[in-house]
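>>> can't give you the sequence, but here's the structure:
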């Protein structure tokens, strides 16, 4: 996604933001370093990996007309929507660390859109709580997170106006739940924690299947190929079962 380009993957389109809420502004890289990097190595990573960063919107109780949220672990008055464009030199490890740094860099949840020359467009979400070890309470601890390619999400699947509007935390948790299921959870009763658990299991099973399928192609003995192909078939059955618990039939998987 080029700077200023409006595509189906643009944050305002994916989230269905109204013009009054979608008010993008550039975030200088120096400011990003100051906010997210506490170590020189992380400052260097941000400088190397980030080509451009913008705040796309700030979702607040007043502009969404839903309540803020407060409990013992968090106070959510607003949710920032960021878009980060990665440089050509950003590695997978750089991206993983960058996402962690950004989600930890503020005391409230973050909706982070990512554009990568290598991996395309994705959205990164994290369930967090306020870092009580921070005297200023200005950072967060990540409990769970998920990164979802936007190409896997059905158009309109993440629109804000279709999510739980009880309060800002409910809205964010529902966004995580729906994103983990590619925009179409298998059931309205599927919880956020269940959706994240199922998606994690799918990731592990698919990784195992990739290894087994690769080994089966290399296996020279007939008995070995039978064993590996049987294992691959069992993994595919498990994947189908888990996917059926996570995705509705309408979801692109």
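Nice, I can see it. This one's a predicted model, so the numbers in the text were calculated from it and none came from an experiment.
>>> now the helices for this structure?
11-14, 29-36, 40-49, 61-64, 92-104, 168-180, 192-218, 222-246 (DSSP state H).
>>> Columns mean pLDDT, mean neighbour count and distance to residue 110 on top of these, output as a markdown table?
Every residue, glycine included, has its C-beta placed from N, CA and C. Shown next, in a markdown table, are the helices of the chain (pLDDT from 0 to 100; neighbours: other CB atoms under 10 Å; distance: least, CB to CB, whole Å):
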| stretch | mean pLDDT | mean neighbour count | distance to residue 110 |
| --- | --- | --- | --- |
| helix 11-14 | 95 | 21 | 12 |
| helix 29-36 | 92 | 16 | 11 |
| helix 40-49 | 95 | 16 | 15 |
| helix 61-64 | 93 | 14 | 16 |
| helix 92-104 | 96 | 18 | 5 |
| helix 168-180 | 98 | 23 | 9 |
| helix 192-218 | 96 | 16 | 16 |
| helix 222-246 | 96 | 15 | 24 |
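>>> Among the ones you listed, which comes closest to residue 121?
helix 11-14 (8.9 Å; CB to CB).
>>> Now do stretch 123-142: distance to the chain's middle.
Here stretch 123-142 is found 16 Å from its chain centre; the criterion is CA atoms, centre = their mean, to the nearest Å.
>>> Give me the average confidence score over it.
Stretch 123-142 carries an average pLDDT of 94.
>>> now residue 21: how far from residue 121?
20 Å (CB to CB, to the nearest Å).
>>> for residue 167, same thing?
Taking CB to CB, one finds residue 167 at 29 Å from residue 121.
>>> Please identify which of these two sits among more neighbours.
residue 121 (20 against 16; other CB atoms under 10 Å).
>>> beta partners of the more buried one?
Beta-bridge pairing for residue 121 (DSSP bridges): residue 115.
>>> wait, what's in contact with it?
1, 9, 113, 114, 115, 149, 150, 151 (CB atoms under 8 Å, 6 or more residues apart in numbering).
>>> What about these, which are in strands?
113, 114, 115, 149 (DSSP state E).
>>> Would you format the residues you listed as JSON lines with distance to residue 44, pLDDT and neighbour count included?
Converted to JSON lines, the ones in strands among the contacts of residue 121 look like this (distance: CB to CB, whole Å; pLDDT from 0 to 100; neighbours: other CB atoms under 10 Å):
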{"residue": "113", "distance to residue 44": "23", "pLDDT": "98", "neighbour count": "22"}
{"residue": "114", "distance to residue 44": "19", "pLDDT": "97", "neighbour count": "24"}
{"residue": "115", "distance to residue 44": "21", "pLDDT": "96", "neighbour count": "20"}
{"residue": "149", "distance to residue 44": "27", "pLDDT": "96", "neighbour count": "15"}
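>>> so which of the residues you listed comes closest to residue 249?
Taking the ones in strands among the contacts of residue 121 together and measuring to residue 249 by CB to CB, the closest member is residue 149, at 19.8 Å.
>>> Is there a neighbour count for the nearest residue to that closest one once chain neighbours are set aside? I'd like the number.
The spatial neighbour of residue 149 that comes closest, neighbours along the chain excluded (CB to CB, 6 or more residues apart in numbering), is residue 122 at 5.0 Å. Residues lying near residue 122 (other CB under 10 Å) number 22.
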